[in-house]
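>>> here is a sequence with its predicted model. Questions after.
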Amino acid sequence: MSSYLADLFSLDGKTALLAGGAGAIGSAISEGFARAGAKVIVHDLSQERLDRLAKDFAAKGLEFKGLQADLGTVEAAEDLVARAKAVTGRIDILVNLQGVNRRKPITQVTPEDFDAITAVNLRSVYFLSQAVHPVMKAQGGGKILHFSSLSANFSFDTISVYAATKAAVTSLTRSQAHEWVDDNIQVNSIEPGFVQTEFTRPLWDDDYRAGWFANFVPQGRMATPEDLVSTALYLVAPATRYITGQNVVIDGGVLTGASWVEAPRRPGIKR
């Protein structure tokens with residue numbers, strides 16, 4: 001049985017490029033891929049975050065190759081793919097984790113806000129995928145995994161541009177999967193719900209919101225980055241060669257609905 005499972009889920013011999021991969025979620029997924037046998041290449045805008053991840057990996061006896069870049073232009077995306085390919089001569093897996101947000105009501109969003117968010121959350125995802133396509137096609141196939149968001153399907157105040165970009169990423173997943181199916185490239189996405197990280201600290205780091213999350217999420221807590229690792233591994237593993245164009249929601253049950261039955265309030269999430 002162990003050999004059977006290894007054949008299905010091992011990443012031995014695979015090279016994985018994780019864009020925006022030195023944040024909380026990306027770090028957990030990078031570690032998971034490394035433990036599954038992949039040669040891990042982590043991109044991030046911040047060299048400081050890459051350095052911190054290197055120390056964490058070294059302490060665990062793991063390795064990765066860090067590549068710093070600002071993906072603000074198409075040329076930068078192409079250069080990142082070229083640098084990543086030079087590490088092992090191939091890219092079997094691309095994970096798009098990069099994302100930014102500026103939380104404002106719609107009436108206060110400026111063109112500069114709009115452009116800054118869409119440039120990272122959609123434009124860089126689009127053109128990084130475009131740049132990796134010929135590499136994967138030439139080597140006989142590959143896997144692309146996008147990180148979208150629950151906000152692609154569920155509206156919240158002050159994140160209209162962010163939500164629009166994530167809805168676009170979910171749609172882009174289907175388009176890429178359809179157009180690249182003959183190249184043996186599977187494209188899927190994950191929509192995380194509420195994940196407790198520094199990026200989302202403005203959403204949970206006060207008494208009211210801590211209580212709100214605990215009572216709104218059916219499982220009674222926000223996700224941790226580690227809650228996303230097994231699904232990410234599943235979607236890039238050999239086991240899922242016939243799954244493409246799909247979106248997996250990991251939300252602790254939020255989309256199952258809400259309760260109107262009066263019940264004792266849960267304690268707030270840990271902060």
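Okay, I see it. Small disclaimer: the values here were computed from a predicted structure and weren't measured. Numbering: from 1, shown residues only.
>>> for the chain, what's the longest helix?
helix 160-179 (DSSP state H).
>>> can you give the contact residues for the lowest-mean-pLDDT helix or strand in the chain?
The weakest-scoring helix or strand in the chain, judged by mean pLDDT, DSSP states H and E, is helix 201-204 (a mean of 83). For helix 201-204, contacts defined as C-beta atoms under 8 Å, 6 or more residues apart in numbering pick out 103, 194, 196, 209-210, 213, 222, 269, 271. Using the backbone N, CA and C atoms, a C-beta is placed for each residue, glycine as well.
>>> can you do 10 Å?
With contact meaning C-beta atoms under 10 Å, 6 or more residues apart in numbering, helix 201-204 is reached by 101, 103, 156, 158-159, 194-197, 209-210, 212-214, 222, 268-271.
>>> ok, and what's touching the helix or strand that it is followed by?
Scanning forward in sequence from helix 201-204 by DSSP states H and E, the next helix or strand is helix 207-216. Helix 207-216 has contacts (C-beta under 10 Å, 6+ apart) with 193-194, 196, 200, 202-204, 206, 220-222, 252, 254, 258-259, 263-271.
>>> please save the CA atoms from helix 207-216 in CSV.
Output of helix 207-216 as CSV, limited to C-alpha atoms (Å, rounded to 0.1, in the frame of the first residue of the first chain):
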residue,chain,number,x,y,z
ASP,A,207,-12.5,41.4,19.7
TYR,A,208,-15.5,41.8,17.5
ARG,A,209,-14.1,40.1,14.4
ALA,A,210,-12.4,37.3,16.4
GLY,A,211,-15.9,36.5,17.8
TRP,A,212,-17.5,36.9,14.4
PHE,A,213,-15.2,34.5,12.7
ALA,A,214,-15.6,31.9,15.4
ASN,A,215,-19.4,32.0,15.0
PHE,A,216,-19.7,32.5,11.3
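>>> and it, how far out from the chain middle?
Distance of helix 207-216 from its chain centroid, counting by C-alpha atoms, centre = their mean, to the nearest Å, is 24 Å.
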